[in-house]
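Novice: Sharing a sequence plus its predicted fold:
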Amino acid sequence: MNITKKDLSRIWRKFKNQENGPQEYWSYLSDNFKAQFVSADWKDTDELSEQFSKVLRKIGFIVIKDPLFDGSSSYGFVIIKNTDLLTKTDNFNELCTSYAFTLHASYKNIVKVFGKPNGHVSDDRKVSCEWLLKTLTNNQILIYDYKQGIPYLGPERGKRPQQITEWSVGSNKKSEALSLLDTILTSKIGYKNFEIVDH
């Protein structure tokens, strides 16, 4: 649905004379249009930038100040859809990654964000399900089960991927992996549906 400034003005007129007019107005927009809100002092560009960044992260984008404009009187921003920051890849060298941290999330939610696993059962059967991912800077991130699957533990004690909720994350750039996964998962499935444990 398209909505214009004229439409917003019409809606605001319904609420502006009410005791809690602004709150009722924002609540109406949130309920009916899933709107997010940004406001700051017009002179405070840093605060305005931060508010825009928070809102865009919620709906699947990140905003980065463009270094091209550092030291100038102008402001510039790079806006990236954060699902593009991590993509699945078949060109993956697992020797370039090592265990970095643990991700608690359901198989269903990981599939919702990254699609079906694109890795295979490892030769030693310790890994039965994995996502092979790369960043825009070609760093590698691997999400995988470890010693939990049926190939390793057998049918009586082993779990199917759909039953696993604790995943290992390997990366050659731990800090980048932590930041990217936290941002992407928060925007796609909500922060209550996953937990990152950094031992």
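Specialist: Good, I have the coordinates. These figures come from a predicted structure and were not determined experimentally.
Novice: ok, and the closest non-adjacent residue to Asn91?
Specialist: In this structure, Asn91 finds its nearest non-sequential neighbour in Lys134, 7.8 Å apart by Cβ to Cβ, 6 or more residues apart in numbering. C-beta: built from backbone N, CA, C; applies to glycine.
Novice: ok, which stretches of this protein are helices?
Specialist: Remark: helices of the chain, listed N- to C-terminal, are 5-15, 21-33, 45-58, 107-114, 150-157, 174-189; assignment by DSSP state H.
Novice: In JSON lines: these, plus mean pLDDT and mean neighbour count.
Specialist: As requested, these are exported to JSON lines (pLDDT from 0 to 100; neighbours: other Cβ atoms under 10 Å):
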{"stretch": "helix 5-15", "mean pLDDT": "88", "mean neighbour count": "12"}
{"stretch": "helix 21-33", "mean pLDDT": "86", "mean neighbour count": "14"}
{"stretch": "helix 45-58", "mean pLDDT": "76", "mean neighbour count": "15"}
{"stretch": "helix 107-114", "mean pLDDT": "94", "mean neighbour count": "17"}
{"stretch": "helix 150-157", "mean pLDDT": "96", "mean neighbour count": "12"}
{"stretch": "helix 174-189", "mean pLDDT": "84", "mean neighbour count": "18"}
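Novice: Next, format these as CSV and append distance to Ser122.
Specialist: Compiled in CSV, the helices of the chain are given as follows (distance: least, Cβ to Cβ, whole Å):
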stretch, distance to Ser122
helix 5-15, 55
helix 21-33, 46
helix 45-58, 34
helix 107-114, 18
helix 150-157, 8
helix 174-189, 20
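Novice: who wins for proximity to Tyr144 among those?
Specialist: Proximity to Tyr144, assessed across the helices of the chain by Cβ to Cβ, is greatest for helix 107-114 (10.7 Å).
Novice: The closest one - contacts with which helices or strands?
Specialist: Helices and strands in packing contact with helix 107-114 are listed as strand 130-135, helix 174-189; criterion 3 or more Cβ pairs under 8 Å, 6 or more residues apart in numbering; DSSP states H and E.
Novice: quick one: the first one to helix 174-189, angle?
Specialist: The directions of strand 130-135 and helix 174-189 differ by 110 degrees, with axes from the mean of the first three to the mean of the last three Cα atoms, to 10 degrees as the criterion.
Novice: please begin residue numbering at 34 from this point
Specialist: Renumbered: residue one is now 34, and that last one reads strand 163-168.
Novice: Tell me the strands beside strand 163-168, with direction?
Specialist: Looking at strand 163-168 with DSSP bridges, its paired strands and their directions are strand 119-121 (antiparallel), strand 173-177 (antiparallel).
Novice: buried set for it?
Specialist: By neighbour count, with 16 or more other Cβ atoms under 10 Å as the criterion, the buried positions of strand 163-168 are Glu163, Trp164, Leu165, Leu166, Lys167, Thr168.
Novice: Mind splitting the chain into its structural domains?
Specialist: What automatic domain parsing lists as the domains of the chain is 38-115, 119-230.
Novice: What is the end-to-end distance of stretch 198-216?
Specialist: With Cα to Cα, to the nearest Å as the measure, the first residue of stretch 198-216 is 19 Å from its last.
Novice: Show residues contacting that stretch.
Specialist: Contact partners of stretch 198-216, identified using Cβ atoms under 8 Å, 6 or more residues apart in numbering, comprise 90, 95, 115, 118-119, 127, 129-140, 143, 168, 170, 172-179, 181, 229, 231.
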